[in-house]
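Trainee: My questions are about this predicted structure, shown below with the sequence.
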Amino acid sequence: MMSAYMKAMVYHGPGKYGLNDVPVPKILEPGDAIGKVILSTISGSDIHIVKGGIPEVRYPLILGHEFCVEIIEIGPAVRNLKVGDRVAVSCITFCGECSNCRQGIYARCKTKGYGSFGIFGPEGCQAEFVRMPKADNYCYKIPESLTPQDVLFCGDVLSAGYFGVEMADVQPGETVVVVGAGPVGLCAMTTARLRNPSKIIAVDTIPCRLNAALKTGAADLALNPAADDVVEIIRELTDGLGADKTIECAGLQPTFDIAFNAVRCGGKISIVSIYERPVTVPLNKSWAANISLSWGFAPIDRIPVLMKLIEKGKIDTNFLCTHKAPLNEIMRGYDIFGNKKENCLKWLVTPWET
Ligand SMILES: [Zn+2]
């Protein structure tokens, strides 16, 4: 018989978090499914949360929002899932019926109890089990030919990077600059490549990220603002014009400034990062040079497309999986991933081991 308690990573307020014994989730609504978490990650947002960087987050709360599960129980209204299915899950839960959901702005679902797992919505996935309300809306069966690790990032960082490329409207032959070569930035580069740009330039201050971008072929050139005059070099490479498109994946004033100053007149800046602090945007300069800015939260309905691209071998994000350990070691993961130690790009969490 299954125990009534499980291990979970619980946030108890800024600076206070740890592995706790908590009740195993139960079906509460007819559209619920319960999943056994087979693989999850620690995300940059989790690190912001535990440091108190997102003060709106309620607590206690189980963290985690990027994951795959095996369905172990379904409510009577669930239609598309069955017990035993292995699915990739979107980081966002949503009702599918409110005015925002009908417009595809799922992250702003107005119905109480929905929102991002482990941030503003239901309990998160850094646990043995997770409850998924209206699970039909955002759980996608993992194709037979793929592993959970192959599709793990579809529900969060890969969707975000892909959306950055969509907003930038990358065209064949263009020069694309991706500022921030963390997981989202690396996913943006990987998916920008599908559109045949002439050059992808990665910008970051962390050498292991730039190395990953070059080694995997995600980027053609890597620039480090700590050593290089990034904007000057990009202008030299583009006959003094600037890049056609810049994608901002870091979320700081200096990284926004690079994205802004490196783009050409008439170019596009696409922003998929979260800014912890207010940022100054030179709107008059943007107006005068016809530079357009787009930003937004990635819609998660691209997951089936991304899975098809992975199945066809067009996208492979396995290079991000530098670290992998059971839930038992998650505190070490928060330290190593959170403090950018050991060249860690992503910390993967496998099930609790007894
Ligand atoms: Zn809704």
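Mentor: Alright, I've got the coordinates.
Trainee: Please count neighbours and contacts with C-alpha atoms only from this point.
Mentor: Fine.
Trainee: where along the chain do the helices fall?
Mentor: In the chain, the helices defined using DSSP state H lie at 44-50, 99-102, 148-151, 157-168, 183-192, 207-215, 230-237, 253-261, 283-288, 303-311, 330-338.
Trainee: Can I get those helices in JSON lines including distance to G31?
Mentor: Formatted as JSON lines, those follow (distance: least, Cα to Cα, whole Å):
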{"stretch": "helix 44-50", "distance to G31": "27"}
{"stretch": "helix 99-102", "distance to G31": "17"}
{"stretch": "helix 148-151", "distance to G31": "24"}
{"stretch": "helix 157-168", "distance to G31": "24"}
{"stretch": "helix 183-192", "distance to G31": "31"}
{"stretch": "helix 207-215", "distance to G31": "41"}
{"stretch": "helix 230-237", "distance to G31": "50"}
{"stretch": "helix 253-261", "distance to G31": "41"}
{"stretch": "helix 283-288", "distance to G31": "45"}
{"stretch": "helix 303-311", "distance to G31": "20"}
{"stretch": "helix 330-338", "distance to G31": "30"}
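Trainee: How far off centre is stretch 322-338?
Mentor: 17 Å (Cα atoms, centre = their mean, to the nearest Å).
Trainee: Just the CA coordinates for that stretch, please, in CSV.
Mentor: Taking Å, rounded to 0.1, in the frame of the first residue of the first chain, the C-alpha atoms of stretch 322-338 are listed here in CSV:
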residue,chain,number,x,y,z
THR,A,322,24.8,18.4,-17.0
HIS,A,323,23.7,17.2,-13.5
LYS,A,324,21.2,14.5,-12.4
ALA,A,325,20.5,13.1,-8.9
PRO,A,326,17.6,11.8,-6.9
LEU,A,327,15.2,14.0,-5.0
ASN,A,328,17.2,13.0,-1.9
GLU,A,329,20.0,15.3,-3.0
ILE,A,330,17.9,18.3,-4.1
MET,A,331,19.4,20.6,-1.5
ARG,A,332,22.8,20.1,-3.1
GLY,A,333,21.2,20.9,-6.4
TYR,A,334,19.9,24.2,-5.1
ASP,A,335,23.4,25.0,-4.0
ILE,A,336,25.2,23.9,-7.2
PHE,A,337,22.7,25.1,-9.8
GLY,A,338,21.7,28.2,-7.7
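Trainee: Please list the residues of the protein that sit near the ion.
Mentor: C95, G96, C98, C101, C109 (Cα under 5 Å from the ion).
Trainee: Just the buried ones from those residues?
Mentor: Among these, the ones that count as buried by 16 or more other Cα atoms under 10 Å are C95, G96, C101, C109.
Trainee: Just to be sure, which of these are found in strands?
Mentor: Among these, DSSP state E puts none in strands.
Trainee: related to what we said a few turns ago, tabulate the helices of the chain (a markdown table), appending mean pLDDT.
Mentor: Formatted as a markdown table, the helices of the chain follow (pLDDT from 0 to 100):
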| stretch | mean pLDDT |
| --- | --- |
| helix 44-50 | 93 |
| helix 99-102 | 95 |
| helix 148-151 | 98 |
| helix 157-168 | 97 |
| helix 183-192 | 98 |
| helix 207-215 | 96 |
| helix 230-237 | 98 |
| helix 253-261 | 98 |
| helix 283-288 | 95 |
| helix 303-311 | 97 |
| helix 330-338 | 97 |
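Trainee: so which of those helices is the most packed in?
Mentor: Compared across these, helix 183-192 shows the largest average neighbour count, a mean of 28 (mean count of other Cα atoms under 10 Å).
Trainee: wait, what's in contact with I42?
Mentor: Counting by Cα atoms under 8 Å, 6 or more residues apart in numbering, I42 touches G64, E66, G333, Y334, F337, K346, W347, L348, V349.
Trainee: 6 Å instead, please
Mentor: Shown in contact with I42 (Cα atoms under 6 Å, 6 or more residues apart in numbering): W347.
Trainee: That one bridge partners, please.
Mentor: Following DSSP bridges, I42 is listed with bridge partners W347.
Trainee: Where does this protein get nearest to the ion, which residue?
Mentor: Ranked by Cα to the ion, the top residue of the chain for proximity to the ion is C109, at 3.6 Å.
Trainee: who touches that residue in this structure?
Mentor: Neighbour list for C109: F94, N100, C101 [criterion: Cα under 6 Å, 6+ apart].
Trainee: Please repeat the previous calculation with a cut-off of 8 Å.
Mentor: F94, C95, G96, C98, N100, C101, G115.
Trainee: how is this structure carved up into domains?
Mentor: The chain is divided into the following domains under automatic domain parsing: 5-152+321-350, 157-295.
Trainee: got the end-to-end distance for the shortest one?
Mentor: To tie it back to what came earlier, the one meant is domain 157-295. Counting by Cα to Cα, to the nearest Å, you get 15 Å between the two ends of domain 157-295.
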